[in-house]
Each structure stands twice: as C-alpha cells, then as structure tokens.
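In: following is a predicted model, sequence given first.
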Amino acid sequence: PPAHEGILRRQSLRESAARTYARSLPIVPVRARGLTIEGADGRRYLDCLSGAGTLALGHNHPVVLEAIRSVLDSGAPLHVLDLATPVKDAFVTELFATLPPELADHGRIQFCGPAGTDAVEAAFKLVRTATGRDGLAAFTGAYHGMTAGALAASGGAQDTSVTRLPYPYAYRCPFGTGGEQGAELAARWTANVLDDDKSGVARPAGMILEPVQGEGGVIPAPDSWLRRMREITAARGIPLIVDEVQTGVGRTGAFWAVGHSGMVPDVLVLSKAIGGSLPLAVIVYREELDAWRPGAHAGTFRGNQLAMAAGAATLAYVRENDLARRAGELGARMTSRLDALAAEHGCIGDVRGRGLMLGLELVDPDTAPDPSGARPAAPALAAAVQRECLDRGLIVELGGRHGSVVRLLPPLTITDEQADAVLDRLADALAAGAR
Ligand code: PMP
C-alpha cells in the first residue's frame with residue numbers, strides 16, 4: 001500500500017544511516033494492543049521485541065492508558081522539572097514498595113532523565129563522588145547505553161578508565177568450562193584483578209554489571225556468581241552498580257533480577273519498563289553513598305508526569321498480579337520447547353535465558369566445536385531467521401557479541417496460546433532459515 005511504501009522510502013532517505021531496528025524490521029506500525037502490532041499495510045505481527053524489553057504489559061494496556069488519561073484529564077502540569085507532585089509521590093511510593101528492604105528502608109532515589117543511559121551516567125558520577133576514585137570495572141559483552149560513560153563501560157569499548165572483567169558466559173566460557181565451575185573461575189579472576197596491591201590495577205570507583213546480559217546475547221549470570229561479585233566488591237570497598245534497565249519489573253521471574261540471588265547492590269539502575277512505555281530513568285542507592293551536594297545532578301527532563309503515572313500503574317499491575325512469577329513459569333515452559341527445537345536443529349548452539357528474556361544462539365553446525373564445546377557464531381543465519389520470522393508475522397530481535405542470538409522479550413501478559421503461536425512461527429522460521 002502507498003502509505004506503507006512511502007513512509008519506508010522517506011525514512012530511508014532522511015534518517016541517519018545509523019538507524020537500527022528499522023533496518024531489519026521494515027514495518028510501519030499504526031495500531032497495537034498487547035502482543036500485537038498492526039502495520040500500515042494491514043499485516044499483523046506478534047511483537048516479541050516489546051520496545052527492547054520496555055513493554056512489560058504489552059502495547060496500550062488499559063491500566064496504562066487509564067493512568068495517562070487521568071493525568072491529562074486532571075489538569076495537572078505535564079512539565080515541572082523535578083518538583084514534588086502527587087503523581088511523582090505515587091510513583092516513588094509504588095517503586096519503593098517493590099524494592100529489597102535494604103533499599104526501600106535506607107535508599108535514595110535520583111531521577112536521571114528519559115533514557116537508561118542517563119541513569120548509568122548518574123550512577124557512575126555518584127560512585128565517583130562518593131569514593132573520590134575515578135576508574136570503573138565492567139564486564140565483557142556488557143551493554144549500558146550510548147552516551148560516553150555508558151559506552152565506555154560497554155563490551156567492545158577500549159577505554160583505559162575501565163577495567164574489563166570476564167562475564168560468566170557458560171556457552172563460550174573463557175575458562176574452558178561452563179556452568180558454576182567456569183563462573184567460579186571468572187569470579188576468582190575478578191577478585192585477583194581487584195586486589196590492587198597484587199595486580200597494580202587502581203581500585204575502581206565502582207563495578208557495574210547486568211544480572212542477565214541482554215544486548216550481549218541473553219546471558220544469565222549464575223546466582224552464585226552474583227553473590228560472589230557482592231562479596232568481592234564489599235570486601236574491597238567498591239560500590240556495586242546493578243543495571244536492571246532490561247531485567248527489571250518482573251521480566252526474569254523476580255520483580256528485580258537481583259531478587260533471585262538475594263544480593264543487594266549499592267546502586268540499582270532502572271529504566272525501560274518502569275515508565276510503562278514512556279521515557280523514565282532513575283537510580284536507587286544506599287543512602288551512605290549520597291555524597292552529592294544540592295544541585296550536583298540535574299537535567300530538564302527528569303519529571304515526566306505521564307511516564308511516572310504510566311510507570312506507577314505498570315509497577316502496581318505487575319506486583320498485584322504476580323506477573324514476575326508468571327514470567328518465570330511461562331519462561332520455563334517456553335524454554336523446554338526451545339530445547340526440543342535445539343535437539344532438532346544443529347544450528348541452535350545454546351538455549352538460555354531467565355523468565356521471559358530468552359535467547360537462541362545460532363551457530364555453524366558444520367564446523368567442529370572449540371575445546372569449550374562452542375561452535376562458530378552464525379550471524380547471517382540469525383538474520384535469515386529474523387526475516388523468516390517477520391514473513392510469518394513474528395517480530396524477534398537479534399543480539400549477542402556476533403549478532404547471532406535470536407532474542408525473545410514478549411510482554412509479561414502474553415497468554416499461553418500466544419506463547420505457543422510465537423514458538424510455532426519461530427519453529428517454522430528456523431526450518432526455513434536453516435535450509
Ligand atoms: N542498560 C541496559 C542493560 C540496556 O539493555 C539498555 C538498553 N538496551 C541500556 C542500559 C540503555 O538504555 P537506553 O537505550 O534507554 O539509553
């Protein structure tokens with residue numbers, strides 16, 4: 001249809017060559033509800049990208065729409081910088097009700113701006129101010145955002161202020177052995193590097209990690225490893241920053257992914273789903289770190305009233321309906337079916353994830369595995385599978401260090417029948433793509 005074609009043509013002419021999702025997903029969404037997106041060409045898609053993990057309740061959930069409408073209809077101001085409002089008060093109250101007690105009882109919140117990367121920058125600044133130190137420790141394959149500091153801490157960056165540490169990636173374990181054992185070797189490596197008297201690496205101002213690496217290819221860290229990172233940083237006086245921008249709000253089967261391991265970070269970085277599909281990012285941190293002077297951190301867009309209302313409604317809905325538990329249970333069922341697909345297709349090297357954050361690492365089945373058992377990544381095949389999925393009305397995302405991981409991030413409200421439909425389409429797409 002002309003509208004669809006024309007919009008795509010103008011986009012490719014006028015938008016930056018850096019445009020990302022639009023390249024692999026040439027659709028023009030005009031309507032959406034729950035898991036479903038409808039394009040300007042009238043085609044319908046099951047959306048397992050969910051705004052890169054933002055839409056905990058799917059598109060246009062009635063409670064989210066109602067929350068936004070009630071602010072609009074109330075005559076409340078939409079922009080008030082960071083002033084106190086009833087809308088903000090309700091958001092903070094709801095957010096704190098979901099936090100681990102250590103942070104709920106003795107935590108501070110700082111509103112950081114619209115994007116996850118803004119909150120990451122604020123976290124770095126906070127720990128630098130609190131410790132008087134400068135460097136940071138971050139992990140291979142990490143993704144924290146696209147602004148200077150967050151980018152420097154992300155995988156692939158070569159930045160001398162960042163000490164790069166091994167993430168426990170079981171399938172491509174740098175220590176030749178996956179599982180808990182490989183994770184323990186990775187933890188010991190980290191402990192040694194952070195013993196500054198032995199390694200000569202200056203003690204960093206903070207360590208940042210994702211409990212499940214998302215963009216890095218859906219790599220869940222074992223709980224034992226997360227607890228080890230807590231011990232290692234605590235013993236050395238290094239604040240631990242946990243980036244839950246993607247794992248938060250029930251996605252992994254716990255309200256916050258740190259809940260699985262029981263470890264409590266010093267700083268929690270939150271964005272995406274906390275804004276109920278609108279832009280919002282905050283950090284929550286132990287009050288001992290609050291070394292900021294008044295005005296030390298600012299920004300015009302830290303008080304998005306609509307995002308706070310949509311976010312509070314989302315947090316409350318996830319909590320009241322125990323959608324975290326639902327995500328854990330459905331994720332486990334979906335994983336069994338993905339495991340069965342892996343037994344059928346040699347090109348699925350690894351099935352992994354936690355809750356409704358799932359990934360299939362596609363590999364070249366005709367090349368012998370390396371000593372750790374991993375085969376070479378197959379990014380071209382992953383791109384082909386993504387196209388085949390789109391042809392079958394299924395939107396999936398790619399990720400991973402080589403772009404070879406097919407990722408599923410459905411809304412937590414996805415029904416069993418919809419999950420089956422997603423997996424049916426994915427199975428067909430794999431069969432077609434692998435041919
Ligand atoms: N941290 C993590 C773990 C993320 O997944 C992302 C976004 N994918 C970010 C930070 C950056 O968030 P934003 O794109 O909103 O800046």
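Out: Yep, it's here.

In: all the helices of the stretch 51-200 of the chain, residue numbers only.
Out: With DSSP state H, counting those that start in this stretch as the criterion, the stretch 51-200 of the chain has helices at 62-74, 86-98, 101-106, 116-131, 148-152, 179-194, 196-199.

In: what is the neighbour count of the residue of the stretch 301-435 of the chain found nearest the ligand?
Out: In the stretch 301-435 of the chain, no residue comes nearer to the ligand than residue 399, which is 9.2 Å away by Cβ to the nearest ligand atom. (Glycine included, C-beta is placed from N, CA and C.) Residue 399 has 24 neighbours, counted by other Cβ atoms under 10 Å.

In: what bridges to it?
Out: Counting by DSSP bridges, residue 399 is bridged to residue 405.

In: touching, it and residue 219? I think so.
Out: No. In this structure, residue 399 is not within contact of residue 219 by Cβ atoms under 8 Å, at 9.7 Å.

In: picking up where we left off before, and the residue of the stretch 301-435 of the chain closest to the ligand, what pLDDT?
Out: Looking at residue 399, its pLDDT is 96.

In: what residues does the stretch 101-250 of the chain have near the ligand?
Out: 115-117, 120, 143-145, 210, 214-215, 243, 245-246 (Cβ under 6 Å from any ligand atom).

In: give me the nearest residue to the residue nearest to the spatial centre of the chain, chain neighbours excluded.
Out: Compute the mean C-alpha point of the chain, and by Cα atoms, centre = their mean the closest residue is residue 246, 2.0 Å away. Nearest residue to residue 246 in three dimensions, chain neighbours excluded: residue 214, at 4.0 Å (Cβ to Cβ, 6 or more residues apart in numbering).

In: check residue 172 too.
Out: The shortest distance from residue 172 to any non-neighbouring residue, by Cβ to Cβ, 6+ apart, is to residue 374 (4.8 Å).

In: kindly report the same for residue 63.
Out: Nearest non-adjacent residue to residue 63 (Cβ to Cβ, 6+ apart): residue 313, at 4.8 Å.

In: in stretch 292-300, what counts as buried?
Out: 297, 299 (16 or more other Cβ atoms under 10 Å).

In: quick check: the residue of the stretch 251-400 of the chain nearest the ligand.
Out: For the stretch 251-400 of the chain, Cβ to the nearest ligand atom, closest residue to the ligand: residue 271, 5.2 Å.

In: list the contacts of whichever residue of the chain sits closest to the ligand.
Out: Closest approach of the chain to the ligand (Cβ to the nearest ligand atom) occurs at residue 116, with a separation of 2.4 Å. Taking Cβ atoms under 8 Å, 6 or more residues apart in numbering, we find residue 116 in contact with 144-145, 243, 245, 269, 271-272, 281.

In: and the contacts of the worst-scoring helix or strand of the chain on mean pLDDT?
Out: Within the chain, no helix or strand scores below helix 196-199, which has a mean of 85 by mean pLDDT, DSSP states H and E. Among residues not part of helix 196-199, those counted as contacts by Cβ under 8 Å, 6+ apart are 192-193, 202-203.

In: what's the single longest helix in the protein?
Out: Longest helix of the chain, by residue count under DSSP state H: helix 323-344.

In: packing partners for it?
Out: strand 348-354, strand 357-362, helix 416-433 (3 or more Cβ pairs under 8 Å, 6 or more residues apart in numbering; DSSP states H and E).

In: what about 10 Å?
Out: Packing partners of helix 323-344 (3 or more Cβ pairs under 10 Å, 6 or more residues apart in numbering; DSSP states H and E): helix 305-320, strand 348-354, strand 357-362, strand 405-408, helix 416-433.

In: now do the third one: which elements does it pack against?
Out: Here strand 357-362 touches strand 212-213, strand 219-220, helix 323-344, strand 348-354, helix 379-391, strand 397-399, strand 405-408, helix 416-433, going by 3+ Cβ pairs under 10 Å, 6+ apart.

In: strands paired with that strand, and their directions?
Out: By DSSP bridges, strand 357-362 pairs with strand 348-354 (antiparallel), strand 405-408 (antiparallel).

In: which of the ones you listed sits closest to residue 44?
Out: Nearest of the strands paired with strand 357-362 to residue 44, taken as Cβ to Cβ: strand 405-408 at 17.9 Å.

In: wasn't residue 16 part of a strand?
Out: No. Residue 16 is assigned coil when assessed by DSSP: H, G, I helix; E, B strand; the rest coil, not a strand.

In: nice, that's everything, thank you.
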